[in-house]
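In: This is a predicted model, with the sequence first.
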Amino acid sequence: MCELFIGADSAKWISRTKSLRIDGVATSIRIEEFFWSILDEIAHRDAMTVNQLITRLYFESLDAGHDIGNFTSFLRVCCGRYLSLIADAEFARGSDTALGDLAAGDILSRETARDHARAQQHIQPVDQLRTSRLSS
């Protein structure tokens, strides 16, 4: 299992800092190359630059009342959720369908249901978990 991760291109986890302006204020964001590539993919889907995407996410987060004290973590989670939603076949990777055109409410409802179901699968009594591993 570990070879799948250890053997990956180490350039993916090199951090890079990007400077941008949000509402006229200069700021910088430092995240790993892997996340920059995913943000670029997300931005491309909605015909934006990465700077435009980040600015939009920032303001929409504020409008939604989110604590953006660790905005960089929020961006990483956005990337992870994007890939998770693709893995769950909510939309196709490489599609030109803008994320803004998707039925977000329906997708969020299904995601919540899947998360709940997955959590239930992981909450098995220890004896039951051992038995299922031994029988595999």
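Out: Ah, there it is. Numbers count the residues shown, from 1 in each chain.
In: What is the neighbour count of W36?
Out: W36: 19 surrounding residues under other Cβ atoms under 10 Å. (C-beta placed from N, C-alpha, C; glycine too.)
In: go on, F35?
Out: 20.
In: Repeat that for C78.
Out: Per other Cβ under 10 Å, the neighbour tally for C78 reads 18.
In: now the helices for this protein?
Out: Taking DSSP state H as the test, the helices found in the chain are 2-6, 33-45, 50-63, 71-87, 104-122, 126-135.
In: Could you export the ones you listed as CSV, including mean pLDDT and distance to D23?
Out: Conversion of these to CSV gives the following (pLDDT from 0 to 100; distance: least, Cβ to Cβ, whole Å):
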stretch, mean pLDDT, distance to D23
helix 2-6, 86, 38
helix 33-45, 97, 18
helix 50-63, 95, 8
helix 71-87, 96, 13
helix 104-122, 91, 24
helix 126-135, 56, 50
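In: Switch those helices over to TSV; also include distance to W13.
Out: As requested, these are exported to TSV (distance: least, Cβ to Cβ, whole Å):
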stretch	distance to W13
helix 2-6	10
helix 33-45	7
helix 50-63	18
helix 71-87	12
helix 104-122	26
helix 126-135	31
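In: most neighbours per residue, which of the ones you listed?
Out: helix 33-45 (a mean of 17; mean count of other Cβ atoms under 10 Å).
In: can you tell me which residues contact the residue lying closest to E111 once chain neighbours are set aside?
Out: In space, E111 comes closest to L85 once its chain neighbours are excluded; the distance is 6.8 Å by Cβ to Cβ, 6 or more residues apart in numbering. By Cβ atoms under 8 Å, 6 or more residues apart in numbering, the residues touching L85 are F91, I107, E111.
In: Reformat those as JSON lines; add distance to I54.
Out: As requested, the contacts of L85 are exported to JSON lines (distance: Cβ to Cβ, whole Å):
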{"residue": "F91", "distance to I54": "21"}
{"residue": "I107", "distance to I54": "21"}
{"residue": "E111", "distance to I54": "22"}
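In: just curious, which of the residues you listed is nearest to L99?
Out: Nearest to L99 among the contacts of L85: F91, at 7.6 Å, using Cβ to Cβ.
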